[in-house]
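Student: What follows is a protein structure lacking sequence information:
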């Protein structure tokens with residue numbers, strides 16, 4: 001009881017009423033640090049975009065180490081392959097990948113490619129929360145052997161529960177993607193870093209640490225979201241070597257915390273042709289300065305017993321209750337994806353993720369897209385439920401709660417049908 005009272009005393013009230021959103025001022029992504037207004041693509045690409053990138057890197061996700069020289073030592077093995085997936089509609093391939101060589105950690109990637117495709121297939125790439133075996137009801141898919149959170153684990157352990165095979169298939173809609181002509185690739189995010197405060201010791205952050213995994217992370221160092229984003233790029237590395245996949249038409253997607261990772265992956269890696277954020281909220285597509293739903297202080301662990309400080313670099317949490325001093329906002333992160341297509345999705349009952357704030361994040365990235373001769377979102381008016389809008393930036397508000405549903409996937413694939421074939 002005393003702990004409950006303490007938490008109530010130190011955690012400010014959460015705003016879920018639009019009338020209580022305080023006044024706020026957003027920084028302009030098209031004004032350089034020296035005060036110059038950006039009026040052409042050259043200035044954006046050579047001056048302002050690097051400034052915006054550094055702001056996101058320094059204040060949110062930290063510096064991702066350059067591992068390009070290690071790529072030559074990557075090892076990719078096919079563990080299993082079959083042309084009989086989904087009754088013969090798809091070829092299933094299961095990879096074991098050591099991105100920095102066999103002396104480092106590995107990840108398992110599950111890939112489905114349409115058998116009926118007449119040319120290499122565009123591909124959706126995403127991390128899953130609970131192991132590849134939970135994304136499809138396919139008995140041939142290997143059960144993850146790494147640490148999993150308790151809701152996915154055998155009781156009293158951190159080992160994956162094989163009985164949850166296919167439990168998250170509704171979130172992935174893999175067969176529907178195959179039917180629409182898309183390949184689907186997924187990997188368990190815990191293979192890159194287990195999602196708990198000490199998870200870095202068993203993941204790639206520890207393996208790539210100069211101190212051999214025995215470091216105390218400093219301000220500016222990459223955090224867990226950065227590691228998961230790095231993992232999405234390592235998946236794309238593998239897919240570039242798969243002849244049946246057109247890696248030039250790769251859409252990276254993610255939900256919730258993994259939506260934050262997909263945005264940061266897309267911002268860093270221009271090979272992703274389309275970037276999708278599903279209900280990524282605070283630290284993702286939603287404007288932090290609105291203080292609506294989850295705030296910087298809550299998500300960064302500023303208040304006792306709450307938050308995930310290891311997701312972000314240390315500086316992010318210093319803006320708790322000081323959001324007016326935050327030198328950027330979500331539209332800076334989204335603008336880094338320009339001029340490539342971007343899709344932001346919200347759910348009407350997901351107030352914690354601030355649906356209107358996610359729409360506004362996309363809307364305020366619009367000027368950068370327009371500067372780069374792209375139509376962007378094209379509106380400042382939030383659309384009705386179940387009414388997708390946008391040009392190069394797409395957005396929809398789905399009825400319901402924090403989740404990924406078939407309706408979301410329909411809008412994603414419709415958008416991909418429109419923006420990817422022209423590449």
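Tutor: Alright, I've got the coordinates. Since this is a predicted model, take the numbers as computed values, not measurements. Numbers count the residues shown, from 1 in each chain.

Student: Look at residue 9 and report its pLDDT.
Tutor: pLDDT recorded at residue 9 is 39.

Student: Over to residue 290?
Tutor: 97.

Student: for the residue most central in space within the chain, helix, strand, or coil?
Tutor: With distances taken as CA atoms, centre = their mean, the residue of the chain nearest its centroid is residue 262 (2.4 Å). Of the three states, residue 262 takes helix under DSSP: H, G, I helix; E, B strand; the rest coil.

Student: If we ignore the residues flanking it in sequence, what's nearest it?
Tutor: Excluding the flanking residues, the one nearest residue 262 by CB to CB, 6 or more residues apart in numbering is residue 254, at 3.4 Å. All C-beta atoms are positioned from the backbone trio N, CA, C, and that covers glycine.

Student: Which of the three states applies to that neighbour?
Tutor: Put simply, residue 254 is strand when judged by three-state DSSP.

Student: hey, what's it bridged with?
Tutor: Counting by DSSP bridges, residue 254 forms beta bridges with residue 277.

Student: quick one, what contacts it?
Tutor: Applying CB atoms under 8 Å, 6 or more residues apart in numbering to residue 254 gives the contacts 126, 127, 232, 260, 261, 262, 263, 276, 277, 278, 280.

Student: Could you dump these into TSV with distance to residue 333 and pLDDT added?
Tutor: Output for the contacts of residue 254, formatted as TSV (distance: CB to CB, whole Å; pLDDT from 0 to 100):
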residue	distance to residue 333	pLDDT
126	18	98
127	18	98
232	15	98
260	9	98
261	12	98
262	11	98
263	6	99
276	14	98
277	9	98
278	15	98
280	10	98
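
Student: What is the nearest of the residues you listed to residue 115?
Tutor: Relative to residue 115, the closest of those is residue 126; by CB to CB it sits at 21.5 Å.

Student: That closest one contacts residue 189, doesn't it?
Tutor: No. With contact defined as CB atoms under 8 Å, residue 126 does not count as touching residue 189 (9.4 Å).

Student: Pull up the overlap in contacts between those two.
Tutor: When CB under 8 Å, 6+ apart defines a contact, the residues bordering residue 126 and residue 189 alike are residue 258.

Student: is it fair to say residue 233 lies in a strand?
Tutor: No. Going by three-state DSSP, the assignment for residue 233 is helix, not a strand.

Student: If I look at it, what pLDDT would I see?
Tutor: 98.

Student: need the contact list for it.
Tutor: For residue 233, counting by CB under 8 Å, 6+ apart, the contacting residues are 265, 268, 269, 271.

Student: where do the strands sit along the stretch 51-200 of the chain?
Tutor: For the stretch 51-200 of the chain, the strands defined by DSSP state E, counting those that start in this stretch occupy 75-85, 90-98, 107-114, 121-128, 183-188.

Student: Let's have the ones you listed in a markdown table, adding distance to residue 336 and mean neighbour count.
Tutor: A markdown table is the format used below for those (distance: least, CB to CB, whole Å; neighbours: other CB atoms under 10 Å):
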| stretch | distance to residue 336 | mean neighbour count |
| --- | --- | --- |
| strand 75-85 | 29 | 14 |
| strand 90-98 | 26 | 20 |
| strand 107-114 | 25 | 25 |
| strand 121-128 | 18 | 26 |
| strand 183-188 | 23 | 27 |
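
Student: Perfect, that will be all.
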